[in-house]
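> dropping a prediction and its sequence here:
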Amino acid sequence: MKTFKQLKAEIEEQIAVSSLEPDQDVLDVFRYSISKAGAGYPQDNQIFTTWFYGAPDCGYVTDWCYFLVELARDEYYSMEELCKIARFWFVQPSHFGEYCGLYKQYYFTKEIDKIMDTLTRQEFVELLSAFRAYIANVNVWVFQYFPWGVGQAFMRKDQKYYEEALSLCNG
Amino acid sequence: MMLQFKMVWPQLNLSVRCQSCGKNENALKALIENMPIKTIQGHEMVGGWMLRNRSVYMGKRFFDIPPQEMESECMKDAPVGRISLLFPQGNSTEMLVKYDECEDSRSYTPVADVVEEDLETLKQVGKLQWKSATRTKEVLVVEFVAED
């Protein structure tokens, strides 16, 4: 089991590595369409569903960490309660992210989970803040490589559009 | 301390000057104390014409201003050129720069404005970043640099 300092240093190292260079997990899944963990394989071997479900979970983990740190500022919540809430909130989406091929973020989640009960309030804040910064970088690369251009195939429609379509049908 | 900074896109050879908008100056001061900051430039995908930096790392000074102590502003009502933060806390924040019309009715933390003379440059960068996000996928870096 890592110490708080060791784990925080390891996360900070990954923050530095992924700030300006793509995270390898994101490259594999979102740029090269490789999903080693099997997500999408049962769905005709497609990657689109993995993108659709895997990408938002990164965003959720980032935001849950933010809210957890805000709760930790409030002494009303005991450390025991904070750890319980944390496990409810970010372990599951992080685990799902792993199933979609984003391995490193779940590795950190598991390491945080191992030492969470031993952390002081300040350490809890610092560790989740560092983890949030790393996940934010992962999120940056997900948004970079997500093929937003496919949205051109699914434009918004309105009443006028359907009225014109109806008039064509009535020809 | 002068509450002003530059956003620089070296690959585009473009930059804009930014100054305090008169709101949340303590938050802007904390952000500037963390500069220089380099990150990947992104774009908002649903709320309107905004540049969006999803990971602005604040490794020098831990951001510890409680959200209830900061003024918020609806993005739809914010002026073009407004620079706002989303969830600033600890080591990181998101940043949004409005460069044209927005429909986003959520509230953000306004901290600065792009100066009037640089708004056309800001729009130019915005359009190039939209092109990158939806077509070319070119990775653009942005640098935040404090100004004396």
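Everything's here; your move.
> could you use CA atoms for every contact and neighbour count after this?
Will do.
> residue nearest the centroid of chain A?
residue A:58 (0.9 Å; Cα atoms, centre = their mean).
> for it, list the residues it contacts.
Taking Cα atoms under 8 Å, 6 or more residues apart in numbering or on different chains, we find residue A:58 in contact with A:93-94, A:97, A:135-136, A:138-139.
> do residue A:98 as well
Contacts of residue A:98 by Cα under 8 Å, 6+ apart are A:37, A:104-106.
> name the element residue A:143 belongs to?
helix A:121-145 (DSSP states H and E).
> show me where the chain has helices.
No chain was given, so I picked chain A. Along chain A, counting by DSSP state H, helices occupy A:4-18, A:24-26, A:48-72, A:79-99, A:103-115, A:121-145, A:159-170.
> could you do chain B instead?
Under DSSP H, chain B gives helices at B:25-33, B:119-131.
> check the closest residue to residue B:5 other than its chain neighbours and give its pLDDT.
Leaving aside its sequence neighbours, residue B:5 sits nearest to residue B:146 (Cα to Cα, 6 or more residues apart in numbering or on different chains; 4.2 Å). Confidence at residue B:146, expressed as pLDDT, is 97.
> residue B:146: neighbour count?
21 (other Cα atoms under 10 Å in any protein chain shown).
> just residue B:108 next, same as before
Neighbours of residue B:108 (other Cα under 10 Å): 20.
> is it bridged to anything, and to what?
residue B:73 (DSSP bridges).
> against residue B:23, how distant is it?
12 Å (Cα to Cα, to the nearest Å).
> one more: residue A:33?
Taking Cα to Cα, one finds residue A:33 at 44 Å from residue B:23.
> check residue B:6 too.
In terms of Cα to Cα, residue B:6 sits 18 Å off from residue B:23.
> so where's chain B uncertain?
Low-confidence segments of chain B, defined by pLDDT under 70, are absent.
> for whatever residue of it ends up closest to chain A, what are its contacts?
Residue of chain B nearest chain A, by Cα to the nearest Cα: residue B:134 (4.3 Å). By Cα under 8 Å, 6+ apart, the contact set of residue B:134 is A:147-149.
> one more pass at 6 Å, please.
By Cα atoms under 6 Å, 6 or more residues apart in numbering or on different chains, the contact set of residue B:134 is A:148-149.
> ok, now the one 3 residues further on?
By Cα under 6 Å, 6+ apart, residue B:137 lies in contact with nothing.
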